[in-house]
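Novice: Predicted model, plus sequence, below.
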Amino acid sequence: YGNVVKIKVISKMKKGIALVQMQTNMQADLAQQSLHHTPLFGQLLQVAYSKHAYIADGRPPYPGALDNIPMDSPDGVPDDLGNPTKDYSNSPLNRFTRPSTTLKNCHRHSNVLYFSNAPLPVSEDRLAAVFAEQGAPVPRQVKFFDLSSKRPGDTQAPNKRVGLADWDDEQSAAEAAALANNVMIDGCTLKLSFSSNTIH
């Protein structure tokens, strides 16, 4: 739904609460409208607007708090309350470079995921195995798109596969996206997003 700038986990208040700063207000609106009440791991994801306009850099932690934390820790650097903040502004996981791309690819949660950047030899069985390896629900069916008739200017590499995968329900698809998005398949980073299309 856009590019993530920062995430701050509010672990000291209650488990499961975090602040997420998007690159623009429009992207924050899209994320809130599209992801609010998404069924996920037996609960409904609550996405609400924060009273904070942005996530400030963490306050200096108490003396000694960082003694055992590597500076490149994937958990981010905690503030003086122990709440870790992670900066994603330069992350390669952010893939929206144009506003038109953001709008075109944003859909509400559904039981269908669009996948891209899968290696060309990947099969339906191999794709199902990738989800299973991540502990994610396995799709009930997969449809690959034919890219042999690519239009000039398309950025999708011809040696990759794209398509749709669907699950029995929205929660299964959401969990599959949460667990398997950005996993590596034979050197390729699998990209997943909700789709408004269906598999016939």
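Specialist: Right, received. Where do you want to start? Numbers count the residues shown, from 1 in each chain.
Novice: Tell me the helix or strand right after the helix or strand hosting D125.
Specialist: Assigned by DSSP states H and E, D125 belongs to helix 124-133. As assigned by DSSP H and E, the chain's next helix or strand after helix 124-133 is strand 141-144.
Novice: Strands of the chain, residue ranges please.
Specialist: Along the chain, counting by DSSP state E, strands occupy 4-9, 18-22, 38-40, 43-45, 77-78, 84-87, 112-119, 141-144, 160-166, 184-185, 188-189, 191-194.
Novice: Lowest mean pLDDT across those strands, which one is that?
Specialist: Mean pLDDT is lowest for strand 77-78 among the strands of the chain, at a mean of 52.
Novice: circling back to that earlier point, kindly reformat the strands of the chain as JSON lines containing distance to F96.
Specialist: In short, each C-beta sits where N, CA and C put it, glycine included. What follows is the strands of the chain, written out as JSON lines (distance: least, CB to CB, whole Å):
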{"stretch": "strand 4-9", "distance to F96": "10"}
{"stretch": "strand 18-22", "distance to F96": "10"}
{"stretch": "strand 38-40", "distance to F96": "19"}
{"stretch": "strand 43-45", "distance to F96": "20"}
{"stretch": "strand 77-78", "distance to F96": "26"}
{"stretch": "strand 84-87", "distance to F96": "17"}
{"stretch": "strand 112-119", "distance to F96": "13"}
{"stretch": "strand 141-144", "distance to F96": "24"}
{"stretch": "strand 160-166", "distance to F96": "17"}
{"stretch": "strand 184-185", "distance to F96": "21"}
{"stretch": "strand 188-189", "distance to F96": "15"}
{"stretch": "strand 191-194", "distance to F96": "11"}
